[in-house]
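**Student:** model the following, please.
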Amino acid sequence: MGHLATLLGTRLRATRNRFRDRGPTWWLAITTTLLTTAAALLGLGHLAAPALMAPPTQLATPVGLDPNALVAGASAMEATFWLSALVASVLVFRVMELLFRRADVRAVENYPIALSALFVDRALAATLEAIAAGALVATFFVPLVWHGGSRAFALCAALAVGGLLAGSLLAMAVQLFAGASQVPEPDAAPKAGQRRSGDIYGGSGQVFLYAPGLALAIAVVTLLFLKLVLGEFLRVGEPTRAFSYGLVLLAVLVAISLVMSYRYFTHGFPAMAARFRESDFVTYDINTQYQKSAFGKRRLLERLLSQRAVAVFRADVLQYGRRYMMARYLYGLFWAGAAIAMFNLSPQAFPNWALAVLPTIVLAVLANPWRRLALQYASASMALPLSRGDQNTATTLFAAREVLLFALPYAALVLAIRGAVQGHWQSAVLAAVAGVVGGLAINGLMALGARLTLDRALLATLLPALACIALVGLAVLSTPLLLIVSTVLFALGATAWMFHDANTAS
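**Tutor:** Numbering: from 1, shown residues only. Next up, the predicted model:
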């Protein structure tokens, strides 16, 4: 308990110091962002509440079924499941980060701290993140209360918070099980011919790469199971045997996962962390031929940049690929989830405005390449004699490349499923184009904001989020209006990018 109290006390003091040193501008920006986000979620929830509380007659209409007997609020439970599954795709990677990669664990793991205390610290971190994410999802469903759905809201909040919490703790067990498979038993004799070599995700260390995928599958199954359990209460209106047994079973599974996680962690976490970092040093194939005279030759997008800015662009390509390789797997998960939603939900349940703005939301809130680029430990302008203008143009071009890498496959899915399969070509083309241009519009705003003398990380956090909220509001009003405004913002940003001041002081 002494080590745990020391560790948690240090965390608390560090948090207090971090907040104490912030100026009034930072507090104003954070307060404005939180209030704006809450207002946007409540406003969108208020608009969606009538549809969420309507009996889902379009989803269940077998012969002889009385539509009046369908349970109001079932659509809200379905929406909670899908939103929570989307958030879970991020949380499983956050669990991996807080176990092995985040700065707060790397800062203390070299000290003689009891592994049991460090495990409690990591479990609390995962718990707090899951509860915060669940509360954010639940905020969207608060308007159900004043639309006559108090019980539906309580069950939706329980599904979001409880499902994400259980999924995160189960994901932790999966991650630690993967790490334990890389730690040899101390008393076990090595097998003949067996060797454990360095790893570039080509050997046994690739389990760290696949563990988040397995953890996500378990988290989604957990959410689905809890949805069925809570749906039983919504249907009957009181606790049933299936409801009680389901909750007990889920609690037992979470308790078992915590015990297993504790055993894996205390048995060999230092060796797991070392093995993870060995596997994390991946090679990266950049379009630079170091051994040939073509090193200085510009390729593809590099032709749009000056020779000085090319160095920044290549550094961004190299560092982003190395440090945020796992973020690229979020793209694939998003594409798969979007395809499943388009196949299983009708155009009424998954409207065109949501289809058009969904990639913009993910880019601004979850992926956010602008903030990732702003948080690099050693930016090129600090290490090389480059102007800030060169850095801004290269970073803006790289962020546009990342937006297209994410949004173009999504647009192709929309055209293939909503257009070719379901036959809604007009809405599919509009949503596909808006999905691409929305991310480019935020990139255009970042190009305009690069001229401001604000902290890059703060700007890259606030501006995409605020722009996303505004674009979502426009999408709810009119998808063509969203497309027009996004195109204008993109054009303004492109103009600012082309006529940048290359001599801006760094």
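
**Student:** what does stretch 342-352 rub up against?
**Tutor:** Outside stretch 342-352, the residues that touch it by CB atoms under 8 Å, 6 or more residues apart in numbering are 51, 58-59, 75, 78, 341, 355, 413-414, 417-418, 421-422, 424, 427, 430-431, 479. C-beta here means a position set from N, CA and C on the backbone, and glycine is covered the same way.

**Student:** end to end, how far does that stretch reach?
**Tutor:** Start-to-end span of stretch 342-352 (CA to CA, to the nearest Å) is 11 Å.

**Student:** lowest-pLDDT helix or strand in the chain?
**Tutor:** Of the helices and strands making up the chain, the lowest-confidence element is helix 380-383, at a mean of 49, by mean pLDDT, DSSP states H and E.

**Student:** just how off-centre is whichever strand or helix holds Ala14 within its chain?
**Tutor:** Element membership of Ala14 [criterion: DSSP states H and E] is helix 2-20. Relative to its parent chain, helix 2-20 has a centroid offset of 27 Å by CA atoms, centre = their mean, to the nearest Å.

**Student:** so what does it touch, helix or strand wise?
**Tutor:** When contacts are defined as 3 or more CB pairs under 8 Å, 6 or more residues apart in numbering; DSSP states H and E, helix 2-20 sits against helix 115-139.

**Student:** next helix or strand past the helix it packs on?
**Tutor:** By DSSP H and E, the next helix or strand past helix 115-139 is helix 150-180.

**Student:** and the angle from that next one to helix 115-139?
**Tutor:** If you take axes from the mean of the first three to the mean of the last three CA atoms, to 10 degrees, helix 150-180 sits at 150 degrees to helix 115-139.

**Student:** next step: the contacts of stretch 342-352 restricted to strands.
**Tutor:** Of those, none are assigned to strands by DSSP state E.

**Student:** among the residues you listed, name the buried ones.
**Tutor:** 75, 78, 341, 355, 413-414, 417-418, 424, 427, 430-431, 479 (16 or more other CB atoms under 10 Å).

**Student:** of those, which belong to helices?
**Tutor:** Here DSSP state H is the test, and the buried ones among the contacts of stretch 342-352 give 75, 78, 341, 355, 413-414, 427, 430-431, 479 as lying in helices.

**Student:** want to try JSON lines for those residues, with distance to Leu223 and pLDDT as columns?
**Tutor:** Output for these, formatted as JSON lines (distance: CB to CB, whole Å; pLDDT from 0 to 100):
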{"residue": "Ser75", "distance to Leu223": "16", "pLDDT": "82"}
{"residue": "Glu78", "distance to Leu223": "11", "pLDDT": "85"}
{"residue": "Ala341", "distance to Leu223": "14", "pLDDT": "78"}
{"residue": "Leu355", "distance to Leu223": "22", "pLDDT": "84"}
{"residue": "Leu413", "distance to Leu223": "23", "pLDDT": "89"}
{"residue": "Val414", "distance to Leu223": "25", "pLDDT": "87"}
{"residue": "Ser427", "distance to Leu223": "29", "pLDDT": "83"}
{"residue": "Leu430", "distance to Leu223": "31", "pLDDT": "88"}
{"residue": "Ala431", "distance to Leu223": "26", "pLDDT": "87"}
{"residue": "Thr479", "distance to Leu223": "30", "pLDDT": "82"}
